[in-house]
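In: Pasting a predicted model and its sequence here:
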Amino acid sequence: MSAGPVPPDVIRSGYAELVVTDLAAARWFYVDVLGLVVTAEQPDALYLRGFEEYLHHSLVLRLGEVPALARLAYRVRGQPQVDAAARYFASLGVPVRRVPAGTTLGVGEAVRIVDPLGFPVEFFYDAEHTERFTQRYDLHPGNAITRLDHFNVMVPDVRAGHDYYRRLGFGVSETIEDDADNLYAAWLYRKQTVHDIALTGGAGPRLHHIAFATAERHQILHTCDMLGALSREHHIERGPGRHGVSNAFYLYLRDPDGHRIEIYTTDYYTGDPDNPTVRWSVDDNRRRSFWGHAVVPSWYTDGSVVLDLDGRPVPVSAPEARESERTGVVVGADGFAVATDGGTRRSVKLGNQL
Ligand code: XXG
Ligand code: FE2
């Protein structure tokens, strides 16, 4: 029996394209507050990058009617790997579309698919180079973002998502699970950090967040101080704090359209072939906040819709109801459960109770 086409050699998470409904408001958030570098600007789009990034962009903001994720893009190891992606995904029977160079400004010929989890994903290699601003300290704001770090997506079946990314050659750095082998969340990588993609259990396919890295913790605190000083503190959703999973320092923000952005710094090296997977119990109160802080319910429930290759919203499915052994309620995601109460649904927090 033939093994079929091999998966493309993915290097790392490369860029994301978000649909935003007010480009001026988005520019304020991403450029004036977060301090991302503008590579190019068009009447209906902004192309942004971090201070260490030399490719054209790691985030595209495109004007549209409804806030959504247009695409996650992975960089592959050379242009022939773009063809390898086309062959591999055609063999899986999912929608595959080749797009000519320049379809996204600054990006060469690429392949777009809807992956088996329902997400619009691009595989690209060729991309325009720009100046790397690592040591242009004269340009750095106090909260300078260095680079894109990872994507996080919401999926109703974390095990299926984990298995799909494992087949694509991703390593698994950390998980949240229970004694019954239920997987609540998983972190998977190609580059030598904790993750390029995280899977969060919940109604999906939806985008949970896009995460950008700063070099140091204090830069995250500076963003909080700026938002406070501008009376725009409502953009802070969760944190700042220290993750259990990944050990990174973090902050979650909501942009003017509600898209969630994480600022993340100083996780750890995962590049050895025998890098051990850290498995967190869903009962460990430190897994999401190492300091035991409660996670706000919106962090578990809210996500951005995703678009198919023709720009239509992809329908969302809810996770299969699971009886928690501990509580007897239906768990939607770890730490946040929806209990059915004689017909009335109420939200209860589980995982952060001491
Ligand atoms: O990047 C991450 C996260 O996926 O955003 C969430 C690392 C850790 C966590 S968690 O909330 O599980 O600590
Ligand atoms: Fe994250």
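Out: Alright, I've got the coordinates. Residues are numbered from 1 along each chain as shown. Ligands and ions are numbered 1, 2, ... in the order given.

In: ok, now which ones touch the residue positioned nearest the centre of the chain?
Out: When the chain is reduced to its mean C-alpha position, the closest residue under C-alpha atoms, centre = their mean turns out to be Phe151, at 1.9 Å. Shown in contact with Phe151 (C-beta atoms under 8 Å, 6 or more residues apart in numbering): 13, 16, 72, 196-198, 207, 209-211. In short, each C-beta sits where N, CA and C put it, glycine included.

In: any chance of those residues in JSON lines, plus neighbour count and distance to ligand 2?
Out: Output for the contacts of Phe151, formatted as JSON lines (neighbours: other C-beta atoms under 10 Å; distance: C-beta to the ion, whole Å):
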{"residue": "Ser13", "neighbour count": "25", "distance to ligand 2": "11"}
{"residue": "Ala16", "neighbour count": "22", "distance to ligand 2": "13"}
{"residue": "Leu72", "neighbour count": "22", "distance to ligand 2": "13"}
{"residue": "Asp196", "neighbour count": "25", "distance to ligand 2": "11"}
{"residue": "Ile197", "neighbour count": "23", "distance to ligand 2": "10"}
{"residue": "Ala198", "neighbour count": "26", "distance to ligand 2": "6"}
{"residue": "Leu207", "neighbour count": "23", "distance to ligand 2": "12"}
{"residue": "His209", "neighbour count": "26", "distance to ligand 2": "6"}
{"residue": "Ile210", "neighbour count": "24", "distance to ligand 2": "9"}
{"residue": "Ala211", "neighbour count": "23", "distance to ligand 2": "4"}
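
In: Next step: those restricted to strands.
Out: Among the contacts of Phe151, DSSP state E puts 13, 16, 72, 197-198, 207, 209-211 in strands.

In: farthest pair in those residues?
Out: Ala16 and Ala198 (13.6 Å; C-beta to C-beta).

In: Without its sequence neighbours, what residue ends up closest to Asp95?
Out: That one is not Asp; residue 95 is Pro. Excluding the flanking residues, the one nearest Pro95 by C-beta to C-beta, 6 or more residues apart in numbering is Val114, at 4.7 Å.

In: Number of residues surrounding the one you found?
Out: 20 (other C-beta atoms under 10 Å).

In: Show me what it is bridged to.
Out: Beta bridges link Val114 to Pro120, judged by DSSP bridges.

In: That one reaches Val314, doesn't it?
Out: Yes. Because the distance of 7.4 Å satisfies C-beta atoms under 8 Å, Val114 is recorded as touching Val314.

In: Can you check which residues contact both of the two?
Out: 120, 308.

In: what stretches of the protein score poorly on pLDDT?
Out: Within the chain, the stretches with pLDDT under 70 are 1-2, 321-333, 335-354.

In: domain parsing for it?
Out: Here the domain parsing of the chain from automatic domain parsing is 10-124, 150-348.

In: Now those domains in TSV, please, with extra columns for distance to His140.
Out: Shown next, in TSV, are the domains of the chain (distance: least, C-beta to C-beta, whole Å):
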stretch	distance to His140
domain 10-124	6
domain 150-348	9
